[in-house]
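In: predicted model and sequence below, questions to follow.
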Amino acid sequence: MEDTLVNVIEAKGLSKTYGDLAAVDHIDFSVKKQECFGFLGPNGAGKTTTISMVSCFLEPTGGELTVLGKQAALAPRLIKQDIGFCPQEDNLDTDLRVADNLRVFARYFDIVGIEERRRSDELLHFMGLSSKKNSRIDELSGGMKRRLMIARSLLNKPKLLILDEPTAGLDPQSKHQIWEKLHQLKKEGTTILMTTHYMDEASHLCDRLVIMDNGKIIVEGTPKTLIKDHIGSSVVEIASGTEGIERYLKEKKLDHEKTPTHYFIHGKEVPSLWPEISAKFGEDFCALRMANLEDVFLKLTGRELRES
């Protein structure tokens, strides 16, 4: 049945409440087979709670949730056998060496002996860690630890890989190494569900994504479609102290956002207005750039800091 699934995940009215707090508030979404699907949102939006329910680590308060063709409420153990989960925080055993971390974890899936050694060696090679097989965990860089975490989550050959902030805190080289491995996994048939705070990561990896806020899904689509529909192709940034900018924006009725330091002008008309804007306000005070997913995120969720 699983081989014929169109949707690996289907959620309808999915909810999770804690007293009067709705951490996840009646959301609907589906994830297709061999797709990378992303959850974006500010802190406290409900992303991690959602993937914890999909991972069967949290029981939903309400709604329907089907994962790999099975109802999460009825078959959590069976679902866990076929998913891999990589949490945001590294939880490797520092008392064990690299290979031993994989060996111990493999036992949870009854993978032992020759099969465990073969699978561990394959994954260490795949993640570029073969030379670190006998190293202690505290001898690894942050990027190596993250790659080992992902290798560990792949031991059971999961049909669904769930990643919570897979490259948080990593340098650009380590981040791009992990991106390449995730692309390869998807090509080989793995479905990926992920959360991230990095907009470039979401644009690079995700076939589709949702943006959540206050426990609700506020928008869904491909990165390119979301940028086109909510921002346009380009953005003009103008220093907020530029004389005459407020009057100009009102006269032209331009869609824009204001911060203490800049105005951000977006819309379909921006490219055609750029020669006029640059001539009027000077290129030292304004700049034209391509619109990106971060523009969408900030427009829809706001620019204020979230503490939780």
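Out: That came through, no problem.

In: tell me where the model's unsure across this structure.
Out: Flagging of the chain using pLDDT under 70 yields the residue ranges 1-5, 304-308.

In: all helices of it, in order?
Out: Remark: helices assigned in the chain by DSSP state H are 47-54, 76-81, 98-106, 113-126, 142-153, 172-187, 199-205, 223-230, 245-252, 270-281, 293-301.

In: adding distance to Asp28 and mean neighbour count, write those helices out as CSV.
Out: The way it works is simple: take the backbone N, C-alpha and C, and place the C-beta from them, glycine included. As requested, these are exported to CSV (distance: least, CB to CB, whole Å; neighbours: other CB atoms under 10 Å):
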stretch, distance to Asp28, mean neighbour count
helix 47-54, 12, 23
helix 76-81, 19, 15
helix 98-106, 34, 20
helix 113-126, 35, 15
helix 142-153, 27, 21
helix 172-187, 24, 15
helix 199-205, 20, 19
helix 223-230, 17, 17
helix 245-252, 37, 14
helix 270-281, 33, 15
helix 293-301, 18, 19
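
In: quick one: closest of those helices to Lys12.
Out: helix 47-54 (12.7 Å; CB to CB).

In: distance from the closest one to the middle of the chain?
Out: 12 Å (CA atoms, centre = their mean, to the nearest Å).

In: and the helices of the chain as TSV, adding distance to Lys32?
Out: Below are these laid out as TSV (distance: least, CB to CB, whole Å):
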stretch	distance to Lys32
helix 47-54	14
helix 76-81	18
helix 98-106	29
helix 113-126	24
helix 142-153	21
helix 172-187	11
helix 199-205	15
helix 223-230	16
helix 245-252	41
helix 270-281	33
helix 293-301	20
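
In: mind checking which of these is nearest Met212?
Out: helix 47-54 (5.8 Å).

In: who are the packing partners of that closest one?
Out: Applying 3 or more CB pairs under 8 Å, 6 or more residues apart in numbering; DSSP states H and E, one finds that helix 47-54 makes contact with strand 7-18, strand 21-32, strand 36-40, strand 62-67, strand 160-164, strand 191-195.

In: please redo it, this time with the cut-off set to 10 Å
Out: If you count contacts as 3 or more CB pairs under 10 Å, 6 or more residues apart in numbering; DSSP states H and E, helix 47-54 packs onto strand 7-18, strand 21-32, strand 36-40, strand 62-67, strand 83-86, strand 160-164, strand 191-195, strand 208-213.

In: make a markdown table from the ones you listed and add mean neighbour count and distance to Lys181 to it.
Out: Below are the helices and strands packed on helix 47-54 laid out as a markdown table (neighbours: other CB atoms under 10 Å; distance: least, CB to CB, whole Å):
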| stretch | mean neighbour count | distance to Lys181 |
| --- | --- | --- |
| strand 7-18 | 19 | 20 |
| strand 21-32 | 18 | 20 |
| strand 36-40 | 24 | 12 |
| strand 62-67 | 20 | 23 |
| strand 83-86 | 21 | 12 |
| strand 160-164 | 23 | 11 |
| strand 191-195 | 25 | 11 |
| strand 208-213 | 23 | 20 |
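
In: could you dump those strands into TSV and include distance to Lys228?
Out: Compiled in TSV, the helices and strands packed on helix 47-54 are given as follows (distance: least, CB to CB, whole Å):
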stretch	distance to Lys228
strand 7-18	25
strand 21-32	21
strand 36-40	17
strand 62-67	31
strand 83-86	31
strand 160-164	27
strand 191-195	23
strand 208-213	14
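
In: Leu148 is nearest to which of the ones you listed?
Out: Using CB to CB, those put strand 83-86 closest to Leu148, at 10.1 Å.

In: what pairs with the closest one, parallel or antiparallel?
Out: strand 160-164 (parallel) (DSSP bridges).

In: got the angle for the strand it pairs with vs strand 7-18?
Out: 40 degrees (axes from the mean of the first three to the mean of the last three CA atoms, to 10 degrees).

In: what angle sits between strand 160-164 and strand 36-40?
Out: Using the same axes, to 10 degrees: strand 160-164 against strand 36-40 is 30 degrees.

In: strand 160-164 to strand 191-195, inter-axis angle?
Out: Using the same axes, to 10 degrees: strand 160-164 against strand 191-195 is 10 degrees.

In: still on that earlier bit, and of the helices and strands packed on helix 47-54, who's closest to Gly232?
Out: Between these, strand 208-213 lies closest to Gly232; by CB to CB that is 17.4 Å.

In: just the CA trace of the closest one, in CSV.
Out: Output of strand 208-213 as CSV, limited to C-alpha atoms (Å, rounded to 0.1, in the frame of the first residue of the first chain):
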residue,chain,number,x,y,z
ARG,A,208,6.5,23.3,-1.3
LEU,A,209,6.3,25.0,2.1
VAL,A,210,3.9,26.6,4.5
ILE,A,211,4.4,29.6,6.7
MET,A,212,2.8,29.3,10.1
ASP,A,213,2.1,31.9,12.7
